[in-house]
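A.B. asks: sequence? don't have it. structure:
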């Protein structure tokens, strides 16, 4: 069918042409790769092959061609010596003097650049350059176009492509501007593959045949012939032979089309194995059904997490309101009773009562702040277990003794029960954390129990220690038992609950238990009470016990009332407090406001017995000051004091040379215990 169509088409074309017609066409002899003479004097090029392909379509048409320079061939057409000239660009306006065939090819101009000098080049870069130097032909239209892009551009004018390509070697030449295909042809001819053309195409023009008005049949022959060679693939062969190599974007586009054709054929092949695909579809359908089920589960889990997040936000809001109460209430006690003591004279009994209230309020606020700090350390991962040998029985007994008075005040019976045989078990764990866990659980039981009893039970073996804290308090509703260990949560966190506290105690306990690789469980019934169960593993099998650092020096035995002391502290309030606290045990006292002064005073007074060293000071901190002092005084007793309470911080205080550590706010009893130890030594 297709062959019959082309036979009929050729017959129609031939019928429209003159029988045994002869025509003469001229070409420029120096316009490669379109039309030019090779080294053998033969006229070759893209346009020559196009004309030959058209000529071969007609048996009774003879088209002869030759070449000359542009001026000569245009003059020959004007004088009627030839019927047409080839490889000419079409004018921008209608020209009734000649006939123009359909375009054989589209040409354009572009910028060329030397990759030795520019890794990348673009119109945007050219637009921003100051006075770029451009090599090109002197053509008003082209010059005007370049100046429209960069008005500061300067020019070097050339007369041929060889000269143009040579100019790009100059470092002062920014770029070339010329015909795209011709420029790339000469660049390859000169073996300068480092010359690149921008993909941006400028001043696109059509090229074809310019025919005399006296030879309209020749214009028809060329137009019809072009239609044929475009349809039968001859045009593409000629294009690939002469142009593709110099028009890379076109080449890439054609390769891309080849890949699309390949993929299309592959798809058709897959369609051919339809039976196999049906099996795969059934399998995929089954997989998708499973995936839908999984997605449904994920969506359900997301809904749960969303609910938890909303619940957490609600609890945080309640916590913030409660925290405001927990901070402002003790502050009211501190500031209020301090103001009363300042503005009026009270009896000694009332003054003592006011001072006790101030102290209790301060302790309450300190406990709230410590809880917040503990939660922060747990969340940031800074908290690490400090494993050492501990006496579980002694820890539990001390806690029961400590809380018995509070339980008695509330009318509660605090019981202690050790389950199993009483053996001396070597147990390794973090003493501070086990103490904190049990303290929080006992405090929790005392807070929420108004009548009845609280019972502490425990058992110890070589593998683990188990603890039970039982109470007859308000209990915890079943809906709150899953969230009670989360931050900011109390069994009753309403404003009207009447229970003090930040809601962080159980969260801290849970965090410490997990750090020790333990577990915690809860059984509770509203209005009947709760039981918290904790299991802590014995770490002697999987942890190396941490030996407390040895003290850097010992104070010689000396009566406590004759101590020579240096206080290194940048805060005047703390210094005044320590000065008053130690006035009864001080022989001489020197004050250093920073680490540098502390080192100088230690050098000046080598007889000093004790240095109270604040860690965070300006100019030279307490760590550095202690290390410097230890270089010339190994014996002076140094106590590091700071507001930082992390275990690794405490260890660093000892490691740099301090004999002991005490946390702010400084407790009088703890400080004097340290002084007493110094005396004993």
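C.D. replies: Received, thanks. Here the structure is a predicted model, which is why all the values come from computation and not from measurement.
A.B. asks: which parts of the protein belong to which domain?
C.D. replies: 2-104+206-252, 107-203, 279-375, 384-537, 560-680 (automatic domain parsing).
A.B. asks: what is the end-to-end distance of the fourth one?
C.D. replies: By that I understand domain 384-537. 16 Å (C-alpha to C-alpha, to the nearest Å).
A.B. asks: for that domain, give the mean pLDDT please.
C.D. replies: On average, the pLDDT along domain 384-537 is 84.
A.B. asks: so how far is that domain off the chain centroid?
C.D. replies: 41 Å (C-alpha atoms, centre = their mean, to the nearest Å).
A.B. asks: ok, the third one next?
C.D. replies: For domain 279-375, the distance between its averaged C-alpha position and the chain's averaged C-alpha position is 30 Å (C-alpha atoms, centre = their mean).
A.B. asks: quick check: which element contains residue 456?
C.D. replies: Assigned by DSSP states H and E, residue 456 belongs to strand 453-460.
A.B. asks: circling back to that earlier point, nearest to residue 272, of the domains of the chain?
C.D. replies: domain 279-375 (14.2 Å; C-beta to C-beta). Quick note: C-beta positions are derived from backbone N, CA and C, even for glycine.
A.B. asks: avg pLDDT for that closest one?
C.D. replies: The model assigns domain 279-375 a mean pLDDT of 76.
A.B. asks: ok, residue 675 touching residue 585?
C.D. replies: Yes: between residue 675 and residue 585 there is a contact under C-beta atoms under 8 Å: 6.4 Å.
A.B. asks: so residue 176 lies in a strand, does it not?
C.D. replies: Yes: applying DSSP: H, G, I helix; E, B strand; the rest coil, one finds residue 176 inside a strand.
A.B. asks: who's it bridged to?
C.D. replies: Beta bridges link residue 176 to residue 112, residue 135, judged by DSSP bridges.
A.B. asks: residue 245 versus that one, what's the distance?
C.D. replies: 19 Å (C-beta to C-beta, to the nearest Å).
A.B. asks: with residue 631 instead?
C.D. replies: 80 Å.
A.B. asks: between these two, which has more neighbouring residues?
C.D. replies: In this view residue 631 and residue 245 are compared by other C-beta atoms under 10 Å, and residue 245 has more residues nearby, 14 against 9.
A.B. asks: was I right to think the more buried one contacts residue 193?
C.D. replies: No: between residue 245 and residue 193 there is no contact under C-beta under 8 Å: 11.8 Å.
A.B. asks: list phi and psi for residue 362.
C.D. replies: Dihedral angles of residue 362 (phi, psi; degrees, to the nearest 10) stand at phi -60, psi -40.
A.B. asks: right, I mislabeled it, should have said residue 570
C.D. replies: phi -90, psi -10.
A.B. asks: can you tell me how far it is from residue 638?
C.D. replies: For residue 570, the distance to residue 638 - C-beta to C-beta - is 17 Å.
A.B. asks: which of those two has more neighbours?
C.D. replies: residue 638 (29 against 18).
A.B. asks: tell me who's in contact with that one.
C.D. replies: Neighbouring residues of residue 638 by C-beta atoms under 8 Å, 6 or more residues apart in numbering: 552, 553, 610, 611, 613, 626, 629, 657, 658, 659, 660.
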